[in-house]
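Visitor: Got a sequence here, can you build the structure:
(6 chains, ligands or ions: 6)
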Number of protein chains: 6
Amino acid sequence: MFTAKSIGYWIALDAPVATERIARLGYDYVVLDGQHGFIDQQGLLAGLMAIELAGCAGLVRVEANNPTPIGRALDAGARGVIIPLIDSASDAAAAVAAARFPPLGTRSYGPMRDPAGTRPKPADVNENVTVVAMIETPRALASVEEICAVPGLDGVYIGPSDLSLALGGAYPGDPAIADVFEQALERIRKAAAASGVAAGIHTPTGEVAARRLAEGFVFATISGDLSHLEQAAAAHLDRARR
Amino acid sequence: MFTAKSIGYWIALDAPVATERIARLGYDYVVLDGQHGFIDQQGLLAGLMAIELAGCAGLVRVEANNPTPIGRALDAGARGVIIPLIDSASDAAAAVAAARFPPLGTRSYGPMRDPAGTRPKPADVNENVTVVAMIETPRALASVEEICAVPGLDGVYIGPSDLSLALGGAYPGDPAIADVFEQALERIRKAAAASGVAAGIHTPTGEVAARRLAEGFVFATISGDLSHLEQAAAAHLDRARR
Amino acid sequence: MFTAKSIGYWIALDAPVATERIARLGYDYVVLDGQHGFIDQQGLLAGLMAIELAGCAGLVRVEANNPTPIGRALDAGARGVIIPLIDSASDAAAAVAAARFPPLGTRSYGPMRDPAGTRPKPADVNENVTVVAMIETPRALASVEEICAVPGLDGVYIGPSDLSLALGGAYPGDPAIADVFEQALERIRKAAAASGVAAGIHTPTGEVAARRLAEGFVFATISGDLSHLEQAAAAHLDRARR
Amino acid sequence: MFTAKSIGYWIALDAPVATERIARLGYDYVVLDGQHGFIDQQGLLAGLMAIELAGCAGLVRVEANNPTPIGRALDAGARGVIIPLIDSASDAAAAVAAARFPPLGTRSYGPMRDPAGTRPKPADVNENVTVVAMIETPRALASVEEICAVPGLDGVYIGPSDLSLALGGAYPGDPAIADVFEQALERIRKAAAASGVAAGIHTPTGEVAARRLAEGFVFATISGDLSHLEQAAAAHLDRARR
Amino acid sequence: MFTAKSIGYWIALDAPVATERIARLGYDYVVLDGQHGFIDQQGLLAGLMAIELAGCAGLVRVEANNPTPIGRALDAGARGVIIPLIDSASDAAAAVAAARFPPLGTRSYGPMRDPAGTRPKPADVNENVTVVAMIETPRALASVEEICAVPGLDGVYIGPSDLSLALGGAYPGDPAIADVFEQALERIRKAAAASGVAAGIHTPTGEVAARRLAEGFVFATISGDLSHLEQAAAAHLDRARR
Amino acid sequence: MFTAKSIGYWIALDAPVATERIARLGYDYVVLDGQHGFIDQQGLLAGLMAIELAGCAGLVRVEANNPTPIGRALDAGARGVIIPLIDSASDAAAAVAAARFPPLGTRSYGPMRDPAGTRPKPADVNENVTVVAMIETPRALASVEEICAVPGLDGVYIGPSDLSLALGGAYPGDPAIADVFEQALERIRKAAAASGVAAGIHTPTGEVAARRLAEGFVFATISGDLSHLEQAAAAHLDRARR
Ligand SMILES: [Mg+2]
Ligand SMILES: [Mg+2]
Ligand SMILES: [Mg+2]
Ligand SMILES: [Mg+2]
Ligand SMILES: [Mg+2]
Ligand SMILES: [Mg+2]
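Guide: Ligands and ions are numbered 1, 2, ... in the order given. Model (predicted):
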């Protein structure tokens, strides 16, 4: 799904009207956060409809590496899933299996909104589902080459906050671990390239996204609605007070 | 409720976590839009709780000049109501009556979240409820002095988009009517001052709010979450593509 | 619907599981408060199902004397409607019309959950819908005899809080107006009896309900979930601290 | 919006996934019922998104001839509104005004999902909003020619159940009034043709829709999800028991 | 719970009014799909109330073989649970344990809507809870005799779509595996009969249900609301176009 | 978080207005029941806001010992989590890890409403999160000393109903096991004291809470809204009938 230099946006709020507007701006994909976001099952469905309506690709970062939320996101029409807290190749393989119908995987068949309802062969559906493993724990970093080699995995995605803490940072972005952090990114990017899977990263701004894409990341997500809205409201208040 | 140069923020999205963050930034008040916003009854309650939690004053722009939504907003804990599309002094008087318990008005007594539950006299509650009439139609503009003189009214609030169309603009902000528009604003501000009610205005940015407050408006609301979020996401995408 | 000494319970919370338990206790009817309660359209449906499941009669106190909420409550399966803030016989006649299909009234036909779906004649449905007018304003009190004489009206219902304020009380239950209040009750009860409609009253406790029924009221509602829960939690805390 | 022989489907259930599937079948339009249906504000938004996603035109039958629900449906992206219980030309004119921005009408400007957000002139939006008046009361029938002549009205729509009762039928479809009913339909169709507005009718099945379109109606809606689902489940049970 | 030739209906939509109507048609049971259906926690509660109101038995197909959704369904009043993707006798035993209070199982005690609230002994509740294991994976088929022998299991239920894919079908109903599929059904039915548990099967129509019951299945569910509604709307459109 | 003789209240209903009123009564903490209660994700957020608004500490009894609901409760602003059905020290250690950021645990970083958004070091957040393990199974009782010794655990909490059944009681409160039950309580209390963690217990009334606190329990929760409301409604009905 990710072509070179894909740019996405990250949604944590259950506000489909806002999600639709953002998806219409030209982003390559929009991700609904089912882990830390405040979006319930009905919200995921409405959000995916809003994104699709905008002609954009909707992904879901599921709450956990578990077949239930993975299946629900895909049944609701997600083009792909981002799986948090992957620790090992076997974790990644389980995620892949949960997202693909037999014989590739073990996804349960219950076509609701996805193309399986209209296509003759579930196997064809499998080709159009993207599975991305988050690399954000010490164990994941230690086995990133094995994770990238898992058959059927489409991408790896760096969660910088969790990865920072995992690397010993006192807080996300802690400069004390900046070198280690950048080395980790390079290792992940190289592992992905070696296995032919896309490497992506979560970023706070368009500027950082541009820099990461220039470094060789295939996709970068800008995050996201909750913090950008807070920042905008703060900036307007500041200007109003002058 | 409005002291000199009060600055508010305008919420159209049912996203209480975002509303709370914005209310914590230092705004004097936050308005939940029950007319054009996508916020249902449960969302108004959650939004008012979020605003109050931030130590901020929550208002509701009700869907219409009707006792039902006015009473519901106040029962849910709103500190005041902004009434759209007021056309006349009698409209304004009806709004005032709907927001005040007897003998000042005809608000029905059903204390749920408002202070009436703990105070001995509903009349005391009346003192703490703010009623604001929107001036955004030709008829309202023509009788703004009478509207401002309605006993119990606390403020008037200019809706620039509807007022622009009302004044013959082809679209909000149409420069063809800029002079007429500014004269209308001045007339409204003077009428308010003459009657001792607060004049406020809806603005798109902190800069415009600052300018309007400098011109003499007592309160200005910056609007709002939906468009600011869209603008922020557009700006980040633009920077990511460079 | 009201036989002699009917006892009801008043629900302001959208908590169908609690509503069902209460309806199973043996109350003759349970009222869902659509005016001051925090119950949306989906909550009214769930609450009415819960009450019906308990073999109890579900009523809705609608938000206003307006055909839309009256029709919605009946479409959702309410056995009757209680209309707030009736001011005159014409108000009461409008309420009756909104709750009855032609030729008795003007209720729009859209059988969803009510018996109209299975009976041949809408006129039969009309017989099973109860319409109750609240008497809680000065104007209503002044014309209560005319209100009670409105054809098709089944009952009148006293809202003591609003009536207290209407009678000049500084707060509900103000002893300064106790005599006037009791005289008003007697007038309403007699007017109802003279026209053969049921007189009912809203009460805070079982004791007061018993007293009002002994005085001759045909039905009395005990109100309600929000305050009783608060009182119970307060009493338990008090005992826990001893 | 209605070209010759437009066929629509009627939705009363808040089930956007089903609504989307139906809208994908090839219907010219799909109507969400905000009057008798069980669809709240959030459901209208999701339903309209689902219909639009299917490349179909979404309309809303609003709860009443009132600017608030008319404005909300349009803000949420409806391509048009169907107004129940229109009684007179002035009712129809009020509906038209509520659905059009100045100078054509008095719709309040608050672009959320409609094209007003991206087009320079609200007047352009007005051209793309369809307003349909329901003819289903005795008064409407008596003044149908005047109603059809209201400037800006796009269509009239027959509600056969209410119209049957209005004409003295004991129940919808009562054969005792069949002749009078058909004459009413002809009168309405002719009045519409004379004024150049589209005449449409609510029907229970595809067969009836075909017949009505053959008679000259411009659009016919098949109603609808709740009864068709019940009928299908009944038929399957019947066959299962054999 | 299943007597000979029980016929059920399958619900995937959160539309309690439709669910109630279907449950009133005479089905022996109705299943709410918590795995592939779009029904959240509140929807399960409303759906179970609607089914119970119709005097019908409500079951829930839970999202996974996990004590949390099993307990929730039963707390909400389900008469039984259908567990997807059972792979082994130990899986089935875990499901049984999660649905029964000690000493039979490990269900956590929190009576909300189930009869435990009014009966003296949780053990009595256990007798009235039905637990059904889905047989739809290769591993389940291979150990179906052991699964059927698990103490406390009440039934097995064939999921034909997943089972088809599991057996190598390219899509549900693939004729290439028809013989193998029918042999699997026979094996499952015999295993159930040998252990005295009820064998059931998911079917698309009343006709297929009748055939399966004639073959010896004890219960058959007709599925379901989403596809039947789509089929009905398609058929009506087809007839309207003629 | 628990000081000596802390008294809490237990909420099973998604009714934030009631929750807020109860939290304002002076309870030291209020627990939202995410296991047996009928409170969804949106309800937990609203409930936690309501409790915080009252200046009270909000806890969540999560649905299971699983990082997803633990993380969600904390992201939504819970001051602590109560984990049901802990069976062993390793279970307790997993719960502690899920609730604390690295290096103390493995909680995923996604600050939404908790203080992590504004503090420089996630480690500081860890200090303010309370983790309580429920002791309510035979295995938990058998290893309660090891559980209490788990680093980072703040308290243990007795679930008397499940514990009664676990100890062989035929129903909660079965006098046949009263002695064994009291001995279990003493063992748990001593184990907690020995490890310096707080021992708490679930109680049905203020009287029982007072007794348990007198016996040495550090905190006692009175449970709860659903049963107290039912009891109050029953008592009022009883008095009304006299
Ligand atoms: Mg992360
Ligand atoms: Mg306006
Ligand atoms: Mg009242
Ligand atoms: Mg009609
Ligand atoms: Mg299956
Ligand atoms: Mg327990």
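Visitor: residues in chain A within reach of chain E, list them.
Guide: Counting by CB under 8 Å from any CB of the partner chain, the residues of chain A close to chain E are A:40-42, A:45, A:66-68, A:71-72, A:75-76, A:101-103, A:106, A:108-110, A:112, A:120-123. All C-beta spots, glycine's among them, are computed from the backbone N, C-alpha and C.
Visitor: Just the ones of the residues you listed in helices?
Guide: Counted as lying in helices by DSSP state H, out of the residues of chain A next to chain E, are A:41-42, A:45, A:67-68, A:71-72, A:75, A:122-123.
Visitor: how about the strands of chain A, start to end?
Guide: A:6-11, A:29-33, A:57-61, A:80-83, A:130-135, A:155-158, A:198-203, A:219-223 (DSSP state E).
Visitor: picking that back up, restrict the residues of chain A next to chain E to those near chain D?
Guide: Among the residues of chain A next to chain E, chain D is touched by A:42, A:45, A:112 when using CB under 8 Å from any CB.
Visitor: my guess is the first one meets residue E:40, correct?
Guide: Yes: proximity of residue A:42 to residue E:40 meets the contact threshold set by CB atoms under 8 Å, at 6.2 Å.
Visitor: what about these two, which has more around it?
Guide: Neighbour totals were compared for residue A:42 and residue E:40, and residue A:42 leads with 24 against 17 (other CB atoms under 10 Å in any protein chain shown).
Visitor: pLDDT score assigned to the more buried one?
Guide: We have a pLDDT of 95 for residue A:42.
Visitor: and what of residue A:27?
Guide: Note for residue A:27: predicted pLDDT of 98.
Visitor: Equivalent analysis for residue A:65, please.
Guide: For residue A:65, the model assigns a pLDDT of 98.
Visitor: Please name the residues that touch it.
Guide: By CB atoms under 8 Å, 6 or more residues apart in numbering or on different chains, the contact list for residue A:65 reads A:83-86, A:91, A:94-95, A:98.
Visitor: change it to 7 Å
Guide: Applying CB atoms under 7 Å, 6 or more residues apart in numbering or on different chains, we find residue A:65 in contact with A:83, A:85-86, A:91, A:94-95.
Visitor: Now it: phi and psi?
Guide: As for residue A:65, its main-chain torsions (degrees, to the nearest 10) stand at phi -80, psi 80.
Visitor: OK, contacts around residue A:121?
Guide: Residue A:121 touches E:170-171, counting by CB under 7 Å, 6+ apart.
Visitor: same question, the one 10 residues further on
Guide: Residue A:131 makes contact with A:80-81, A:95-96, A:99, A:152-154 under the criterion CB under 7 Å, 6+ apart.
Visitor: ok now stretch A:153-161, how far from the chain's centre?
Guide: Distance of stretch A:153-161 from its chain centroid, counting by CA atoms, centre = their mean, to the nearest Å, is 7 Å.
Visitor: Show me what that stretch is in contact with.
Guide: Applying CB under 7 Å, 6+ apart, the contact partners of stretch A:153-161 are A:1-2, A:82, A:84, A:92, A:96, A:130-136, A:147-148, A:172, A:185, A:188, A:192, A:197-202, F:109.
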